[in-house]
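1. could you work out the structure for the sequence below:
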Amino acid sequence: MTPTSTDAVKNNLGEAGSHLAQAARDAGSAVRNAADVAADELKLGKASVKADLADSAIAGLAAFEEGGAAAKEQVDALMDKGRDLVDSAADLIRERPLASFGVAFAAGWIIAKLARSSK
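-> Sure, this is the predicted structure:
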């Protein structure tokens with residue numbers, strides 16, 4: 001018996017169904033593989049983020065420790081400038097005692113006037 005057109009349609013539809021089933025299996029496999037790869041990438045990414053955060057914390061602690069030393073240097077520099085200023089004022093007072101007394105007296109008088117006028 002020769003195959004009829006209906007038989008040919010059935011055979012073609014059966015073959016199409018087989019190919020669709022295989023495509024579905026392949027798609028499922030591809031999705032599972034993609035999920036596995038994505039999970040591996042997430043693990044690598046998580047490890048990288050943790051390492052970067054740890055490096056950042058270490059650098060921050062180092063900066064904090066250096067900040068204390070830098071602050072001490074600045075305080076020492078300010079103290080030296082203050083001592084220089086006091087020494088300079090003492091030298092000026094020794095060189096010109098009358099002028100220094102006059103300036104101090106005038107400053108005291110102005111401050112007293114300002115204090116009385118604000119009441």
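
2. pLDDT (mean, whole number) over the helix or strand hosting D76?
-> Assigned by DSSP states H and E, D76 belongs to helix 5-95. Averaged across helix 5-95, pLDDT comes to 90.

3. can you name the secondary structure element that comes next after it?
-> Following helix 5-95 in sequence, per DSSP H and E, is helix 97-117.

4. so what touches that following helix?
-> If you take CB atoms under 8 Å, 6 or more residues apart in numbering as the criterion, helix 97-117 is touched by 92-93. In this view, the C-beta of every residue, glycine as well, is placed from N, C-alpha and C.

5. that one: which residues count as buried?
-> Within helix 97-117, no residue counts as buried by 16 or more other CB atoms under 10 Å.

6. likewise stretch 8-25?
-> Quick answer for stretch 8-25: no buried residues (16+ other CB under 10 Å).

7. any idea how far that stretch is from the chain center?
-> What separates the centre of stretch 8-25 from the centre of its chain is 58 Å, taken as CA atoms, centre = their mean, to the nearest Å.

8. can I get that stretch in PDB, CA atoms only?
-> Extracted C-alpha coordinates of stretch 8-25, given in PDB (Å, rounded to 0.1, in the frame of the first residue of the first chain):
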ATOM      1  CA  ALA A   8       2.600  11.800   5.200                       C
ATOM      2  CA  VAL A   9       1.000  14.600   7.300                       C
ATOM      3  CA  LYS A  10       0.900  12.300  10.300                       C
ATOM      4  CA  ASN A  11       4.600  11.300   9.800                       C
ATOM      5  CA  ASN A  12       5.600  14.900   9.300                       C
ATOM      6  CA  LEU A  13       3.700  16.000  12.400                       C
ATOM      7  CA  GLY A  14       5.200  13.100  14.400                       C
ATOM      8  CA  GLU A  15       8.700  14.100  13.300                       C
ATOM      9  CA  ALA A  16       7.900  17.800  14.100                       C
ATOM     10  CA  GLY A  17       6.700  16.600  17.600                       C
ATOM     11  CA  SER A  18       9.900  14.600  18.100                       C
ATOM     12  CA  HIS A  19      12.000  17.600  17.200                       C
ATOM     13  CA  LEU A  20       9.900  19.900  19.500                       C
ATOM     14  CA  ALA A  21      10.400  17.400  22.300                       C
ATOM     15  CA  GLN A  22      14.100  17.300  21.700                       C
ATOM     16  CA  ALA A  23      14.200  21.200  21.500                       C
ATOM     17  CA  ALA A  24      12.400  21.300  24.900                       C
ATOM     18  CA  ARG A  25      15.000  18.900  26.400                       C
END
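
9. perfect, that will be all.
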